[in-house]
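> how would this look folded up:
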Amino acid sequence: MHEGPTPIYVQIVNYITAHIESGDWEPGHRLPAERAMAERWGVAYLTIRRAMAELRDRGLIVSVQGRGTYVKDRKR
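Got it, this is the predicted structure:
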C-alpha cells in the first residue's frame with residue numbers, strides 16, 4: 001500500500017473491490033487470512049480488520065467463522 005492522503009484501510013478496500021468488480025475474484029473466492037494480509041502489506045492487523053468490516057458493510061464479502069472470508073455472491 002502507498003502512503004498519501006488516502007487512508008491505508010481505504011486503499012485496501014479499493015484494491016479488493018477492484019478485484020471483485022473486475023471479475024478477477026469471483027463469488028466464492030477465498031481471501032487470504034487477515035493476519036497474512038497484514039504481513040503482506042506491512043500494515044497493522046487492525047487496519048485489515050477495518051477494511052474487512054467496510055467490505056462486509058458494502059455486501060462484497062462474507063466471513064464464516066473458522067472457515068475464512070469469501071467474495072459474496074451479490075445476485076442472492
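> Surely I16 touches E54?
No: counting by C-beta atoms under 8 Å, I16 does not reach E54; the two are 9.5 Å apart. Bear in mind the C-beta positions are built from the backbone N, C-alpha and C, glycine included.
> count of residues packed around I8?
19 (other C-beta atoms under 10 Å).
> The helix of greatest length in the chain: how far from the chain's middle?
Counting by DSSP state H, the longest helix found in the chain is helix 8-22. On the basis of C-alpha atoms, centre = their mean, to the nearest Å, helix 8-22 sits 7 Å off its chain's mean C-alpha point.
> Over to stretch 46-55?
Using C-alpha atoms, centre = their mean, the offset of stretch 46-55 from its chain centre is 7 Å.
> quick one: the helices in this protein?
8-22, 34-41, 45-57.
> quick one: which of the ones you listed is nearest R67?
Between R67 and these, the tightest spacing by C-beta to C-beta is seen for helix 34-41, at 13.2 Å.
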